[in-house]
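**Student:** I would like to see how this sequence folds:
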Amino acid sequence: MKREFHHIGIPTTLRQAEEIHLPEAKLYITDANKSEHRIEWLRFEADSPMHDLLKLTAHVAYTVEDLDEALKGKCVIIPPFAPMDGVRAAFIKEGEAPIEYLQFKA
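**Tutor:** Numbers count the residues shown, from 1 in each chain. As a prediction, this is how the structure comes out:
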């Protein structure tokens, strides 16, 4: 299955310019497309339900054509969800590293 690098996500406790709030995840993110080095900053609310590994460890994100197919046989730590319109995402664990898969609607 083809995967293409999309961004690296780095947890932070500092407010960032132009944060996007994801209320269900109790999370603030930045737009990696606006970063020269494709960095997405993640700032979690104290009671965020997101996996602890994501709160403490940077992750690498890849786009995939078929999210469900990409997840087969993987150690899924956050099942598919829709963080915003037109996007499905899920997180897997490889060793001790969280990996995000993103599927964008055409």
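**Student:** and the strands in this protein?
**Tutor:** Ranges of strands in the chain, per DSSP state E, are 3-11, 20-22, 27-29, 39-44, 59-64, 75-84, 87-94, 97-104.
**Student:** which parts of the last one are buried?
**Tutor:** Buried residues in strand 97-104, defined by neighbour count with 16 or more other Cβ atoms under 10 Å: 98, 99, 100, 101, 102, 103. (Glycine included, C-beta is placed from N, CA and C.)
**Student:** tell me what angle it forms with strand 87-94.
**Tutor:** Taking axes from the mean of the first three to the mean of the last three Cα atoms, to 10 degrees, one finds strand 97-104 and strand 87-94 inclined to each other by 160 degrees.
**Student:** which elements pack onto strand 97-104?
**Tutor:** strand 3-11, strand 59-64, helix 67-71, strand 87-94 (3 or more Cβ pairs under 8 Å, 6 or more residues apart in numbering; DSSP states H and E).
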